[in-house]
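Student: Dropping the sequence and predicted coords here.
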Amino acid sequence: MAELPKTLEAAIAQASVATQAALDDGFTRLQIELAFPELKIMPLAEQFIQAFEDRGDALRVFFPDAGAAALARRDWGDKPYPLRGVGELKAKIQPHETLFIFVEPSSVEVNQVEELCNEAGARPVIFLNPRLEDVATIGIGYAGRQLRDRFLSTLEPCYYLRPLDNAALYRSYPAGWQVWLEQDDEYTLVAEQPEKPVGDVLDQILMKALGLESPENSAQASFKPPNRGLFSGLKDFIRALNQ
């Protein structure tokens with residue numbers, strides 16, 4: 001069982017291993033999400049992609065636009081693989097390419113991203129910290145439902161880490177979704193399940209772990225954990241990485 005990482009560097013290493021395991025098992029559309037609001041994507045992407053650089057020019061890395069791609073080319077130096085914005089003319093997928101990584105694609109580019117994925121066919125695609133499902137952009141009506149059913153629902157979350165107040169939601173393929181609780185400055189695994197726990201389900205897991213749930217008040221109780229700083233090692237690393 002994978003342990004909750006103590007640094008961002010460890011999380012990136014875990015994400016690389018989980019991604020490779022999912023690729024080996026035949027998954028072709030993978031999603032990695034390190035859900036830290038203060039995290040800058042470029043240093044994260046540069047470190048994550050290093051695990052796949054041995055593919056050379058068979059790897060293609062996409063950014064939301066040409067400006068972000070140009071920034072990566074400037075800051076990362078010479079790379080053996082192309083760095084392109086999804087809307088660039090040079091973004092056309094080539095026959096020899098075997099792996100595609102999208103860095104923080106947003107709902108603004110979702111149609112272009114879907115087209116590129118269709119061009120990729122059965123070749124694997126990795127989404128790093130995607131922001132594709134913005135209701136304000138893709139809508140909640142028929143078109144939005146179609147997009148979710150046709151494309152967004154095909155993405156397999158192979159690595160996920162989100163700090164919560166006094167807890168964390170975590171997944172590292174092939175393990176299931178895990179809820180970890182901070183107790184006495186240590187993190188303890190309190191639940192694991194095949195589906196991502198959200199909303200009331202997640203609240204109930206945390207309430208039960210803290211002994212707040214009872215038959216009389218479970219329906220009315222509301223989980224309100226203390227507002228404490230979490231993952232200090234991760235946050236210190238993020239701070240250093242972003243400087």
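Tutor: Cool, got the structure.

Student: top helix in the protein by residue count?
Tutor: In the chain, taking DSSP state H as the definition, the longest helix is helix 8-24.

Student: Tell me the secondary structure at Arg123.
Tutor: Going by DSSP: H, G, I helix; E, B strand; the rest coil, the secondary structure assigned to Arg123 is coil.

Student: If I look at Ala2, what pLDDT would I see?
Tutor: You'll see Ala2 listed with a pLDDT of 71.

Student: again, but for Leu210
Tutor: Leu210 carries a pLDDT value of 86.

Student: what ranges do the strands span in this structure?
Tutor: Taking DSSP state E, the strands of the chain run over residues 29-34, 59-63, 83-85, 99-103, 125-128, 156-164, 167-172, 177-183, 186-193.

Student: So what touches the second one?
Tutor: Taking contacts as CB atoms under 8 Å, 6 or more residues apart in numbering, the residues outside strand 59-63 that touch it are 45, 49, 52-53, 69, 72, 80-86, 91, 93-94, 97-105, 113, 116. For every residue, glycine as well, the C-beta is placed using N, CA and C.

Student: Would you mind giving me the PyMOL syntax to select the buried ones in those residues?
Tutor: Per 16 or more other CB atoms under 10 Å, the buried members of the contacts of strand 59-63 correspond to this PyMOL selection:
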select buried, resi 45+49+52+69+72+81+82+83+84+85+86+91+93+97+99+100+101+102+103+104+105+113+116
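
Student: Quick check: helices, which of the contacts of strand 59-63 are part of them?
Tutor: The helices, defined by DSSP H, take in Ala45, Ile49, Ala69, Ala72, Val113, Leu116 from the contacts of strand 59-63.

Student: Closest one of those residues to Ile205?
Tutor: For the ones in helices among the contacts of strand 59-63, the minimum distance to Ile205 (CB to CB) is 31.4 Å, reached by Ala45.

Student: Confirm for me that the closest one is in contact with Leu71.
Tutor: No: assessed by CB atoms under 8 Å, Ala45 is found out of contact with Leu71, at 11.0 Å.

Student: Next one: the closest residue to Val179 other than its chain neighbours relative to Pro174, how far apart?
Tutor: Nearest non-adjacent residue to Val179, counting by CB to CB, 6 or more residues apart in numbering: Ala191, 4.3 Å away. Distance check for Ala191 against Pro174: by CB to CB, to the nearest Å, it reads 17 Å.

Student: neighbour count winner among the two?
Tutor: More crowded of Ala191 and Pro174, by other CB atoms under 10 Å: Ala191, with 19 against 11.

Student: Now for that one: which residues touch it?
Tutor: Gln178, Val179, Pro197, Ile205, Ala209.

Student: And the pLDDT at the second one?
Tutor: Here the pLDDT value assigned to Val179 is 95.

Student: wait, it sits on Val190?
Tutor: Yes: judged on CB under 8 Å, Val179 makes contact with Val190 at a distance of 5.4 Å.

Student: So for those two, which residue has more residues nearby?
Tutor: Legend: neighbour count by other CB under 10 Å for Val179 and Val190, higher for Val179 (22 against 16).

Student: about what we covered before: closest one to Leu164 out of the ones in helices among the contacts of strand 59-63, please.
Tutor: Taking CB to CB as the measure, Leu164 lies nearest Ala45 of the ones in helices among the contacts of strand 59-63, at 24.3 Å.

Student: Which residue is the nearest non-sequential neighbour of that closest one?
Tutor: In this structure, Ala45 finds its nearest non-sequential neighbour in Val103, 4.6 Å apart by CB to CB, 6+ apart.

Student: how close does the one you found get to Thr28?
Tutor: For Val103, the distance to Thr28 equals 18 Å [CB to CB].

Student: same check, this time on Pro43
Tutor: 27 Å.
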